[in-house]
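Undergrad: This is a predicted model, with the sequence first.
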Amino acid sequence: MKLAIIGAGNVGGSLGAAWAQKAGHEIFFGVRDPQADKTKALVQKLGGKARAGTAAEAARFGEMIVLTTPWIAAEAAIRSMGDLSGKILLDATNPLVMGPDGLGLEIGHSISAGEKVQSWAKGASVFKTLNTTGFGNMAEPVFHGVKSVMFVAGDDAANKPKVIAVVAQLGFDVIDAGPLRNARLLEAHAMLWIDLALKRGQGRDFAFAVLRR
Ligand SMILES: NC(=O)c1ccc[n+]([C@@H]2O[C@H](COP(=O)([O-])OP(=O)(O)OC[C@H]3O[C@@H](n4cnc5c(N)ncnc54)[C@H](OP(=O)(O)O)[C@@H]3O)[C@@H](O)[C@H]2O)c1
């Protein structure tokens with residue numbers, strides 16, 4: 001599949017490498033400076049499976065688009081992609097802001113980043129996913145044979161199975177978490193992971209998994 005990844009940092013780079021290497025997808029990184037040394041090194045690492053260009057070029061290329069910019073850059077990045085009508089957009093952002101007690105959510109009870117992204121990406125089908133664990137776990141989601149969990153929230157029932165399948169190719173146990181408004185829950189869940197990782201001594205090498213009877 002042709003995948004556009006907007007942003008090529010911790011999350012974008014990890015996802016691009018994992019999808020190229022585990023599933024053979026073609027990756028187009030949409031970045032502000034395609035000639036930056038770090039972007040060139042990433043593209044080179046992925047061999048013939050990856051290229052980089054502008055966000056608009058990436059969006060035209062991708063059957064799915066994955067948004068992996070910092071929250072503060074999300075609106076500008078979406079606008080820079082141009083017309084997104086009919087596109088599937090996976091939103092991996094978390095609306096983080098630095099407060100007196102460290103990182104927290106800027107919004108959450110009455111609106112989410114996922115819903116804001118949908119309001120900016122007019123005509124696209126937005127899914128909230130790939131935001132609830134660290135980028136290292138996106139590269140290696142399996143812990144001692146147990147898959148860590150990843151949620152997908154979105155309103156487009158027809159395209160949701162495709163999104164679940166592409167996220168599952170990374171190695172996650174993927175759960176349909178309902179409508180896009182449940183991004184409010186997923187972003188709070190991400191904040192729990194971040195708080196445990198950064199402030200409660202868990203570090204980045206842990207993840208949540210689901211047990212079933
Ligand atoms: N880090 C994690 O473990 C983690 C886990 C889950 C979710 N998230 C979320 O994922 C997002 C990315 O996090 P990250 O750690 O990967 O950040 P990062 O390493 O700083 O990477 C962000 C990327 O976005 C690019 N970018 C910034 N503005 C852009 C624009 N207007 N158009 C296109 N690309 C743009 C940056 O390019 P430049 O190099 O040019 O600035 C960079 O490649 C955040 O919203 C974060 O909350 C992070």
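TA: The structure has been received and is ready for your questions.

Undergrad: what does stretch 204-213 rub up against?
TA: Contact with stretch 204-213 is made by 132-134, 136-137, 141, 143, 146-149, 173, 175, 189, 193, 196-197, as judged by Cβ atoms under 8 Å, 6 or more residues apart in numbering. Using the backbone N, CA and C atoms, a C-beta is placed for each residue, glycine as well.

Undergrad: which of the residues you listed come close to the ligand?
TA: For the ligand, the contacts drawn from these by Cβ under 6 Å from any ligand atom are residue 134.

Undergrad: Narrow the contacts of stretch 204-213 to those that are buried.
TA: Applying a neighbour-count criterion of 16 or more other Cβ atoms under 10 Å, the buried members of the contacts of stretch 204-213 are 132-134, 137, 141, 147-149, 173, 189, 193, 197.

Undergrad: For burial, what's the neighbour tally of whatever residue of the chain ends up closest to the ligand?
TA: Taking Cβ to the nearest ligand atom as the measure, the chain has residue 9 as its residue closest to the ligand, at 1.9 Å. Each residue near residue 9 was counted by other Cβ atoms under 10 Å, and the total is 16.

Undergrad: circling back: reformat the buried ones among the contacts of stretch 204-213 into a markdown table and put secondary structure and pLDDT next to each item.
TA: Formatted as a markdown table, the entries for those read as follows, by DSSP: H, G, I helix; E, B strand; the rest coil; pLDDT from 0 to 100:
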| residue | secondary structure | pLDDT |
| --- | --- | --- |
| 132 | coil | 98 |
| 133 | coil | 98 |
| 134 | coil | 98 |
| 137 | helix | 98 |
| 141 | coil | 98 |
| 147 | strand | 98 |
| 148 | coil | 98 |
| 149 | strand | 99 |
| 173 | strand | 98 |
| 189 | helix | 98 |
| 193 | helix | 98 |
| 197 | helix | 98 |
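
Undergrad: hang on, the earlier thing: so the residue of the chain closest to the ligand versus residue 164, what's the distance?
TA: Applying Cβ to Cβ, to the nearest Å, the value for residue 9 to residue 164 is 25 Å.

Undergrad: This structure against the ligand: which residues are in contact?
TA: With Cβ under 6 Å from any ligand atom as the criterion, the chain meets the ligand at residues 6-12, 30-33, 55, 68-71, 73, 76-77, 80, 92-94, 96, 131, 134-135.
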